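# Take a look and give me a structure for this.
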Amino acid sequence: MVRLLGSAIIAIFAVGSASAFAPASQHAVRSTTGLQMTASEAKDPVKVGVIGCGRIGIVHLGAINKAPGVVPIIVSNPTVSKAEDAAKKFGVPKFTSDAMEVITDPEVDAVWICSPSQFHADQIKACAANGKHVFCEKPIATDLAETVEAINACNEAGVKLMIGLQRRFDPNFLRVRRAIVEKEVGDTIIIKTCSRDPSPPPYEYVKGGGGIFNDMAVHDLDMTRFLAGDDPIEILAVGSCHIDKSIEDLPGSEAFDTASCIVRYPNGVSAMVDVCRQSSYGYDQRAEVLGTSGMIATDNVYPNTAKIYKNDYTGNADMPFDFFLSRYFEAYVTETEAFCESLVNDSPVPCTGIDGLVALVMSLAADKSAAENRWVKFSEIIGEVYCSSPTECSLIANDDMFPEGFKPVGFKPVGDFKNLDKIVVPDVDQKKEASFSDKLKSMIWG
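Numbering: from 1, shown residues only. Take a look at the predicted model:
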């Protein structure tokens with residue numbers, strides 16, 4: 001049952017600034033122009049709902065509340081008291097324990113999905129069926145075929161789908177990307193990233209979590225693609241256990257607390273990723289790019305710039321931020337603002353369903369590489385997806401319809417990422433671009 005917050009008064013103030021992304025390309029770099037709406041340009045506000053009022057949901061809700069032209073009107077959480085608290089805090093008029101009441105609300109234009117990962121795909125599909133635009137925290141799904149289905153559901157329904165890969169919106173990594181785009185360090189030779197957590201998660205978190213490549217390294221793998229500005233070719237990955245020996249009895253890469261990857265990109269560019277579930281010196285999140293005429297690297301983010309100078313120590317007075325929400329708070333806010341801008345201006349989203357799909361393929365390939373101790377081409381992973389229709393997909397290896405060694409009639413593997421159109425239909429923004437191109441050709445050629 002939807003509940004109304006009786007004292008809620010909703011007001012829209014087109015004040016402040018919000019970060020913008022130039023939508024010219026898939027790997028767009030953050031613009032310095034903020035969101036602006038003049039009185040003559042003012043439109044009816046985009047009304048949104050938020051599913052999930054945990055830590056991430058609250059961060060997104062706070063950013064939505066400040067973005068011009070967008071207003072939250074309903075929130076949900078299985079523990080309804082959390083939804084009520086969020087509604088009171090941000091002046092949202094309705095709250096509920098049922099996510100479907102957010103998705104089916106006739107006033108809602110767009111939905112933020114901040115629920116646990118296992119619910120994402122079904123909620124995305126439900127949003128598409130109800131004509132709602134979608135922002136979804138990664139992953140779209142933990143299953144590759146279901147990921148394709150969810151993307152296609154949105155694309156066929158003509159609704160926007162943006163995936164939350166928040167590191168793409170971090171100002172430090174954006175500055176590295178800008179240096180690459182503007183050739184400040186010449187042509188890229190090597191990309192390096194590292195992610196090292198302050199302390200390992202509990203055994204219960206690791207068990208059933210999909211392994212270190214899927215629940216941790218996926219962010220770094222996506223970042224190498226974002227910085228490279230191109231699709232990867234193949235990967236070599238290894239893993240080991242050094243910190244928490246209790247996880248060694250878990251299957252596959254769930255038994256790893258440390259892992260390294262080498263990713264090959266076109267033009268001889270290589271990327272190196274290392275991840276570890278424990279760092280004795282705080283949350284370690286850095287990137288480095290070596291180019292033909294220079295190098296650019298990021299440092300960790302600290303709560304302040306104070307330094308201590310003593311006879312036995314010189315350095316930062318405090319440790320780096322030790323929690324991902326502290327470290328990436330600005331990035332979470334910026335990605336929310338970017339989707340709000342896309343909704344208000346009907347512009348392309350800066351982080352698409354395809355970006356989420358490729359990130360998942362990269363992490364699955366890393367897992368396969370570590371298990372089989374060999375280089376794995378990404379085409380091996382995506383090539384196993386078979387779709388009898390855009391929203392009915394399966395993995396050939398897991399489909400009982402096709403005995404081992406047999407493929408369905410007419411099945412043609414996708415090949416590399418450039419051929420994803422074999423299984424993924426164009427999204428709403430691509431369709432608009434194609435329509436504009438056709439109209440332009442008609443005007444020129446008659």
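
# mind listing what's buried in the biggest helix by length in the chain?
Longest helix in the chain, counting residues (DSSP state H): helix 353-372. Buried residues in helix 353-372, counted by 16 or more other CB atoms under 10 Å: 353-370. In short, each C-beta sits where N, CA and C put it, glycine included.

# can you check stretch 265-275 too?
Neighbour-count burial for stretch 265-275, counted by 16+ other CB under 10 Å, picks out 265, 269-275.

# burial measure for the closest residue to residue 49 other than its chain neighbours, as a count.
In space, and not counting its chain neighbours, residue 49 is closest to residue 102: 3.8 Å by CB to CB, 6 or more residues apart in numbering. Residues near residue 102, counting by other CB atoms under 10 Å, number 30.

# Residue 102 against residue 111, yeah?
Yes - using CB atoms under 8 Å, residue 102 and residue 111 qualify as a contacting pair, with a distance of 6.0 Å.

# Look up the residues that both of those two are in contact with.
Common contacts of residue 102 and residue 111 (CB atoms under 8 Å, 6 or more residues apart in numbering): 49-51.

# Distance to residue 129 and pLDDT added to those residues, as JSON lines?
Output for the shared contacts of residue 102 and residue 111, formatted as JSON lines (distance: CB to CB, whole Å; pLDDT from 0 to 100):
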{"residue": "49", "distance to residue 129": "15", "pLDDT": "97"}
{"residue": "50", "distance to residue 129": "19", "pLDDT": "98"}
{"residue": "51", "distance to residue 129": "15", "pLDDT": "98"}
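
# Kindly reformat these as a markdown table containing neighbour count and secondary structure.
As requested, those are exported to a markdown table (neighbours: other CB atoms under 10 Å; DSSP: H, G, I helix; E, B strand; the rest coil):
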| residue | neighbour count | secondary structure |
| --- | --- | --- |
| 49 | 28 | strand |
| 50 | 32 | strand |
| 51 | 28 | strand |
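
# Looking at those, spot the one nearest residue 332.
Nearest to residue 332 among the shared contacts of residue 102 and residue 111 is residue 50, at 13.1 Å by CB to CB.

# Distance check, that closest one against residue 226.
Distance, residue 50 to residue 226, by CB to CB, to the nearest Å: 26 Å.

# Report how many residues lie close to residue 89.
14.

# Kindly report the same for residue 289.
26.

# Confirm that it sits in a helix.
No - counting by DSSP: H, G, I helix; E, B strand; the rest coil, residue 289 falls outside a helix, being strand.

# Let me see the contact set for it.
176, 179-180, 185, 188, 190-192, 227, 295-297.

# sorry, back to before: secondary structure class for the residue nearest to residue 49?
Assignment for residue 102 (three-state DSSP): helix.

# what's the answer for residue 136, then?
Applying three-state DSSP: residue 136 is strand.

# How many residues are close by the residue lying closest to it once chain neighbours are set aside?
In space, residue 136 comes closest to residue 113 once its chain neighbours are excluded; the distance is 4.2 Å by CB to CB, 6+ apart. Neighbour count of residue 113, defined by other CB under 10 Å: 26.

# Equivalent analysis for residue 301, please.
The burial count for residue 301: 19, using other CB under 10 Å.

# Enumerate every residue touching it.
Residues near residue 301 by CB under 8 Å, 6+ apart: 172, 285, 320-321, 327.

# before we move on, back to that, could you say what helices and strands the longest helix of the chain packs with?
helix 144-157, strand 161-164, helix 218-228, strand 234-240, strand 258-264, strand 376-377, helix 378-382 (3 or more CB pairs under 8 Å, 6 or more residues apart in numbering; DSSP states H and E).

# Pick the most deeply packed of those.
Highest mean neighbour count among the helices and strands packed on helix 353-372 (mean count of other CB atoms under 10 Å): strand 161-164, with a mean of 26.

# Any chance you could list what contacts that one?
Here strand 161-164 makes contact (CB under 8 Å, 6+ apart) with 124, 133-138, 140, 150-151, 154-155, 332, 335, 338-339, 342, 349-353, 355-356, 427.

# Buried members of these into PyMOL, please.
Restricted to buried positions by 16+ other CB under 10 Å, the PyMOL selection for those reads:
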select buried, resi 124+133+134+135+136+137+138+140+150+151+154+155+332+335+338+339+342+349+350+351+352+353+355+356+427
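
# Lowest mean pLDDT among the helices and strands of the protein, which one is it?
Here the helix or strand of the chain ranked lowest by mean pLDDT, DSSP states H and E is strand 20-21, holding a mean of 26.

# Would you mind giving the helices and strands packed on helix 353-372 as CSV with mean pLDDT added?
Compiled in CSV, the helices and strands packed on helix 353-372 are given as follows (pLDDT from 0 to 100):
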stretch, mean pLDDT
helix 144-157, 96
strand 161-164, 97
helix 218-228, 97
strand 234-240, 98
strand 258-264, 98
strand 376-377, 96
helix 378-382, 93
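
# Would you mind saying which of the ones you listed lies nearest residue 250?
It's strand 234-240; of the helices and strands packed on helix 353-372, that one is closest to residue 250 (CB to CB) at 11.7 Å.

# Who are the packing partners of the closest one?
Against strand 234-240 (3+ CB pairs under 8 Å, 6+ apart) you get strand 258-264, helix 353-372, strand 376-377.

# The ones you listed: which one's closest to residue 431?
helix 353-372 (13.7 Å).

# how near is residue 144 to residue 273?
20 Å.

# now swap in residue 106 and tell me
The gap separating residue 106 from residue 273 is 45 Å, by CB to CB.

# what's the helix or strand for residue 209?
Under DSSP states H and E, no helix or strand contains residue 209.

# Per-residue pLDDT of it, please?
Residue 209 carries a pLDDT score of 87 in this model.

# Now do the helices in the stretch 1-150 of the chain.
With DSSP state H, counting those that start in this stretch, the ranges of helices along the stretch 1-150 of the chain come out as 55-66, 80-90, 99-103, 120-129, 144-157.

# so which of the ones you listed gets nearest residue 304?
The nearest among the helices of the stretch 1-150 of the chain, by CB to CB, is helix 55-66 at 21.4 Å.

# Going by contacts, tell me the helices and strands next to the closest one.
Going by 3+ CB pairs under 8 Å, 6+ apart, helix 55-66 lies up against strand 46-51, strand 70-76, helix 80-90, strand 110-113, helix 324-327, helix 329-345.

# Now tell me which of the ones you listed the model trusts least on average.
Of all these, helix 324-327 has the smallest average pLDDT, which comes to a mean of 85.

# Show me which positions of that helix end up buried.
Neighbour-count burial for helix 324-327 flags 324, 327 (criterion: 16+ other CB under 10 Å).

# ok, and what's touching that helix?
Applying CB under 8 Å, 6+ apart, the external contacts of helix 324-327 come out as 55-56, 59, 283, 285, 301, 303, 320-321, 332.
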